[in-house]
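Student: I'll drop the sequence and a predicted model, then ask my questions.
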Amino acid sequence: MRKLLISALLLATTMAYAAPKYGGVLVFGRSGDSSSLDPAHATDGESFYASTQVYNTLVQFENGTTKLEPGLAKSWDVSPDGLTYTFHLRQGVMFHPTKFYPKESEFTADDVVFSFKRQFDKSHPFHEVGGTYKYWGAMDMESIVKDVVKVDKYTVKFLLKKPEAPFISNLAMDFASILSSQYANDLLAEKKADRLSRYPVGTGPFVFVKWIKDDKMIFTANEKYWGGKPYIKKLILKVITNASVRAAELKVGSIHVMDFPNPEEVAKLEADPNIKLVKQEGLNVGYLALDQVKFAPFRDVRVRRAINYGINKEAIVKAIYAGFGKPADSPIPPTMWSYNPNIKHYEYNPEKAKALLKEAGHEKLSFELWAMPVSRPYMPNARKVAEAMQADLAKIGVTTKIVSYDWSTYLDKGRHFEDDSCLLGWTGDNGDPDNFLNVLLTSNAAKEPAANRAGWKNPEFDTLIAKAKTTTDIAERTKLYKKAQEIFADQVPWVTIANSLVVEPIRKSVMNFKLDPMGKRRFDRVWLDK
């Protein structure tokens, strides 16, 4: 009897912790398509969903956390003055051979130098290929990186102009992905350099096969992946723009993972015996940027404050986020260190809003309110948010026209201040407040193509953010960032809307799927229990 009991326990344990299985096709249902497969040119999560599968960075975040770990660099050293970072690279890592580029080449320091120097060296042959390097500009990397130098085949140095506290974390971001210099140079020789943004060759867990615009992307497992062969044989990123349709596809098993469910449908999905929910507090913020470049009335802080008082954020979050979000007051989420809970709060107060508009001479204000065409973690349904705002603002004498475009056009026009106001948001890339406050709100980020969509410029704010970047003292950085949030709350270049809880419904056959705090979707360690 005792032997039988032990055998039963061993069987139960084996079943509970079954070994991962290789094979199968996983289909991920997402809300929109990528704008580019060159991560140095992209800023949208849909593009990074795809490029993450193909490319690696020198350092990376441990899956599901904000903890840094080695990537293509196995180790690194920092000089005492904080101005030289030396990276020791993995050896024997190969770039993918593909049908469109069958050559196989080893990853070396040449690829690191290429991937970065094209972004800042104006004489580089690829500097003008693919448009502007948006993250490089928004993060003011021009003022940080002096040069990237090859020491030997497997060693590379970054020389900085000044100390930069979040520098290592920055190198884990998508814009710092490592591309093949040999592939790029061959494309350049064939006068096909623009193919780099549509036909990627990387060192990552999956090999790119095909991109059918606004339909799907297909990838196959990189069986020689340095991080371990992926369990899934094939990965498909399927565009399904309607959230209810994505949910229906998940229920019947046509897709295995779905992005951004309608909040009101989550309970029904959770009740389905074949579906489970993966949840995580989001490192995000959704907002309405008030464009001070194009729309002159928003240059008056009284008008911006009036818009904030005139929008009922709590009602919007309750109705549209359906329990999966909280009203936001700060440009950084409460889950991030240095968050300031004591900054000014703009309660819903139509009378105060009308009084401010009258004082500013804008009692009959009219502007365009742009709404995103896709669901994002920080905003499940931008159209509904815009409609709620439109109704609220009408009560204070403000007329709005809701405008939208396809996702790529929406992003591009917004970067060039073609809107009056636009709904957008941000999911942190590196777990550092600098990634929100510097990237989205400094004067440098207001340069076109802008990440600072409000075009807001405040010298005191800029000084605080610049100072916080130069020290590694967390207490000092926290003090500076809290002060910066106070300035933001006083000047309100945005209407901050919500911080959301990210919920990802998946089939129960999907094992070891983790939500990434930085908003990525990683599938290299996911397997199908079939």
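Tutor: Received, thanks.

Student: contacts, neighbours, all on C-alpha from now
Tutor: OK.

Student: tell me how far the residue lying closest to Phe513 once chain neighbours are set aside lies from Gly24.
Tutor: The shortest distance from Phe513 to any non-neighbouring residue, by C-alpha to C-alpha, 6 or more residues apart in numbering, is to Val526 (5.5 Å). In this structure, Val526 and Gly24 are 11 Å apart, going by C-alpha to C-alpha, to the nearest Å.

Student: repeat that for Arg305.
Tutor: Distance from Arg305 to Gly24, by C-alpha to C-alpha: 54 Å.

Student: of these two, give the one with the bigger neighbour count.
Tutor: Remark: of Arg305 and Gly24, Arg305 carries more neighbours, 23 against 15, as counted by other C-alpha atoms under 10 Å.

Student: model confidence over the helix or strand harbouring Thr220, on average?
Tutor: For Thr220, the host element (DSSP states H and E) is strand 216-221. Mean per-residue pLDDT for strand 216-221: 98.

Student: other SSEs contacting the next helix or strand after it?
Tutor: Sequence-wise, the next helix or strand downstream of strand 216-221 (DSSP H and E) is strand 234-239. Under the contact definition 3 or more C-alpha pairs under 8 Å, 6 or more residues apart in numbering; DSSP states H and E, strand 234-239 sits against strand 25-30, strand 216-221.

Student: out of these, deepest packed?
Tutor: When the helices and strands packed on strand 234-239 are scored by mean count of other C-alpha atoms under 10 Å, the highest mean neighbour count falls to strand 25-30 (a mean of 22).

Student: what's in contact with it?
Tutor: Residues outside strand 25-30 that contact it (C-alpha atoms under 8 Å, 6 or more residues apart in numbering): 232-241, 246, 254-260, 528.

Student: identify the contacts common to Val526 and Gly24.
Tutor: Both Val526 and Gly24 are in contact with Ile232, where contact means C-alpha under 8 Å, 6+ apart.

Student: check what pLDDT the residue lying closest to Ser143 once chain neighbours are set aside gets.
Tutor: Nearest residue to Ser143, sequence neighbours excluded (C-alpha to C-alpha, 6+ apart): Lys161, at 6.8 Å. pLDDT for Lys161: 97.

Student: I'd say Lys161 and Asp81 touch.
Tutor: No: Lys161 is beyond contact range of Asp81, at 11.0 Å (criterion: C-alpha atoms under 8 Å).

Student: so for these two, which sits in the more crowded spot?
Tutor: Taking neighbours as other C-alpha under 10 Å, Lys161 and Asp81 compare with Lys161 leading, 16 against 8.

Student: ok, the residue nearest to Phe513 - contacts?
Tutor: Pro230, Tyr231, Ile232, Val510, Met511, Asn512, Phe513.

Student: please report phi then psi for Ser443.
Tutor: phi -60, psi -40 (degrees, to the nearest 10).

Student: any idea how far Ala243 is from it?
Tutor: 36 Å.

Student: please apply the same query to Pro334.
Tutor: Pro334 is 27 Å from Ala243, by C-alpha to C-alpha.

Student: the more surrounded of these two?
Tutor: Relative neighbour count places Ala243 above the other of Pro334 and Ala243, with 23 against 20, counting by other C-alpha under 10 Å.

Student: now that one: closest residue in space, sequence neighbours ignored.
Tutor: Closest to Ala243 by C-alpha to C-alpha, 6+ apart is Pro261, at 5.5 Å.

Student: report the secondary structure state of Gly397.
Tutor: What DSSP: H, G, I helix; E, B strand; the rest coil gives for Gly397 is coil.

Student: tell me the contacts of it?
Tutor: By C-alpha under 8 Å, 6+ apart, the contact set of Gly397 is Lys354, Glu363, Lys364, Leu365.

Student: closest one of these to Ser330?
Tutor: Lys354 (23.6 Å; C-alpha to C-alpha).

Student: tell me the spacing between that closest one and Ser366.
Tutor: Using C-alpha to C-alpha, Lys354 is found at 14 Å from Ser366.

Student: now for Val278, how many residues are close by?
Tutor: 12.

Student: scratch that, Lys67
Tutor: 12.

Student: hey, what's the residue lying closest to it once chain neighbours are set aside bridged with?
Tutor: Once flanking residues are discounted, Lys67 sits nearest to Phe61: 5.4 Å by C-alpha to C-alpha, 6+ apart. Legend: beta-bridge partners of Phe61 under DSSP bridges are Leu68.

Student: ok so, going back, neighbour count for Lys354 and Ser366, which is higher?
Tutor: Applying other C-alpha under 10 Å to Lys354 and Ser366 shows that Lys354 carries more neighbours, namely 24 against 16.

Student: wait, the more buried one sits on Lys395?
Tutor: No: look at Lys354 against Lys395 with C-alpha under 8 Å: they stay out of range, at 9.0 Å.

Student: all helices of the stretch 101-250 of the chain, in order?
Tutor: 109-120, 134-138, 167-170, 181-189, 243-252 (DSSP state H, counting those that start in this stretch).

Student: name the residues of stretch 97-117 that are buried.
Tutor: 97, 105, 107-117 (16 or more other C-alpha atoms under 10 Å).

Student: ok so, going back, of the contacts of Val526, closest to Tyr135?
Tutor: The nearest member of those to Tyr135, counting by C-alpha to C-alpha, is Phe513 at 27.9 Å.

Student: can I assume that closest one sits in a helix?
Tutor: No: Phe513 is assigned coil when assessed by three-state DSSP, not a helix.

Student: low pLDDT regions in this protein?
Tutor: By pLDDT under 70, the weakly predicted segments of the chain are 1-17.

Student: report the longest strand in it, please.
Tutor: Identified as the longest strand of the chain according to DSSP state E is strand 494-507.

Student: got the angle between that one and helix 243-252?
Tutor: Between strand 494-507 and helix 243-252, the angle comes out at 20 degrees (axes from the mean of the first three to the mean of the last three C-alpha atoms, to 10 degrees).

Student: packing partners for strand 494-507?
Tutor: Under the contact definition 3+ C-alpha pairs under 8 Å, 6+ apart, strand 494-507 sits against strand 257-258, helix 266-271, strand 275-281, strand 284-290, helix 301-310, strand 325-327.
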